[in-house]
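Student: after the sequence you'll find the predicted model.
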Amino acid sequence: MTDLPEMPCRELVELVTDYLEDRLSPIDRARFEAHLTECEACRTYLEQFRQTIRVLGRLPEESLSPEAREALLTAFRGWSRP
Amino acid sequence: MLRLALSHVERRAIAEEVVQEAWLTMLRSLDRFEGRSSLRTWVLGIVVNLARSRARAERRSIALLDSGGPAVDSLRFLAADHPRWPHHWATEPLTWGTPEQELLAQETRKVILAAIDGLPAAQREVLVLRDLEGVTAADVCNILGLNDTHQRVLLHRARSRVRNALERYFAATEAT
């Protein structure tokens, strides 16, 4: 495995989503992981990227304004199956 | 649904109309739903179509290829001809030292929402569906009519920009 060309940080940051979605070739995956074991900055970057995704998933649902909710309910009441 | 609509049209009132229109469209055409996709995918597809046509009317067009720019500013890396560390970090990512709970605080939330809002439309569509709504990659491709590679490029750009916004924010707040 030591024969694989090194993956520089600048290349790694472009491949994080491909890595997380398991879409890297086996060779690139090995290069990616080999780089991580040696580079703390990239480990930090990957962890922040994961954190970002987790936080995005927890943004609360935007709720409808009261006026829009009322309009929607009125529309529902007026609706009947043809 | 509202969030998805808001990723296309600027004004909240219009987004709310889109949601309402989507509900009515759904109710009217429920008998035409054939179960080939999940109900959720079908519904989100209706919202995207309605929101896109409203956005066109508002002249906020969706440029599908606006995925440009690197994930991280190239100035933060050493040059290609650096003798020892070509293309390695010159300015490393700033550590956040922030508990995850704090990432959900009101101020941080605003930073994230502003970052999402500032994304090019095509990136925003993919990010909202994938990371906020939790729709699968395959369904996002169906809903938005993208191929898998393009979908991933857009998603990666969008996530990178949100991370960068958080880094800038924490760098500014922790310095004070």
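Tutor: Cool, the structure landed.
Student: pull the helix or strand with minimum mean pLDDT from chain B.
Tutor: Sorting the helices and strands of chain B by mean pLDDT, DSSP states H and E puts helix B:100-103 at the bottom, at a mean of 72.
Student: and it, anywhere near chain A?
Tutor: Yes - using CB under 8 Å from any CB of the partner chain, helix B:100-103 reaches chain A at B:100, B:103. For every residue, glycine as well, the C-beta is placed using N, CA and C.
Student: buried set for the following helix or strand past that helix?
Tutor: Going down the chain from helix B:100-103, the next helix or strand is helix B:106-117, by DSSP states H and E. By neighbour count on 16 or more other CB atoms under 10 Å in any protein chain shown, the buried set for helix B:106-117 is B:108, B:111, B:112, B:115, B:116.
Student: quick one, phi psi at residue B:89?
Tutor: Per-residue torsions, residue B:89: phi -60, psi 130 (degrees, to the nearest 10).
Student: can you tell me which of the buried residues of helix B:106-117 are up against chain A?
Tutor: Applying CB under 8 Å from any CB to the buried residues of helix B:106-117, one finds that B:108, B:112 fall near chain A.
Student: how about the buried residues of helix B:106-117 in CSV, adding pLDDT?
Tutor: Shown next, in CSV, are these (pLDDT from 0 to 100):
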residue, pLDDT
B:108, 86
B:111, 91
B:112, 91
B:115, 93
B:116, 91
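Student: now, the most widely separated pair of the buried residues of helix B:106-117?
Tutor: B:108 and B:116 (12.8 Å; CB to CB).
Student: on that earlier part again, what is the nearest of the buried residues of helix B:106-117 to residue A:6?
Tutor: Within those, the smallest distance to residue A:6 is 31.8 Å, found for residue B:115 (CB to CB).
Student: ok, now how distant is that closest one from residue B:150?
Tutor: 21 Å (CB to CB, to the nearest Å).
Student: shaky segments in chain B?
Tutor: B:58-68, B:175-176 (pLDDT under 70).
Student: mind listing what's buried along the helix ranked longest in chain A?
Tutor: Looking across chain A with DSSP state H, the single longest helix is helix A:40-57. Judged by neighbour count using 16+ other CB under 10 Å, the buried positions of helix A:40-57 are A:42, A:44, A:45, A:46, A:48, A:49, A:51, A:52, A:53, A:55, A:56.
Student: for the last one, give me the pLDDT.
Tutor: Which is residue A:56. Predicted confidence (pLDDT) for residue A:56: 92.
Student: contacts only, for it.
Tutor: B:112, B:127, B:131, B:132, B:159, B:162 (CB atoms under 8 Å, 6 or more residues apart in numbering or on different chains).
Student: the same query, at a cut-off of 10 Å, please.
Tutor: B:112, B:115, B:116, B:127, B:128, B:130, B:131, B:132, B:134, B:158, B:159, B:162 (CB atoms under 10 Å, 6 or more residues apart in numbering or on different chains).
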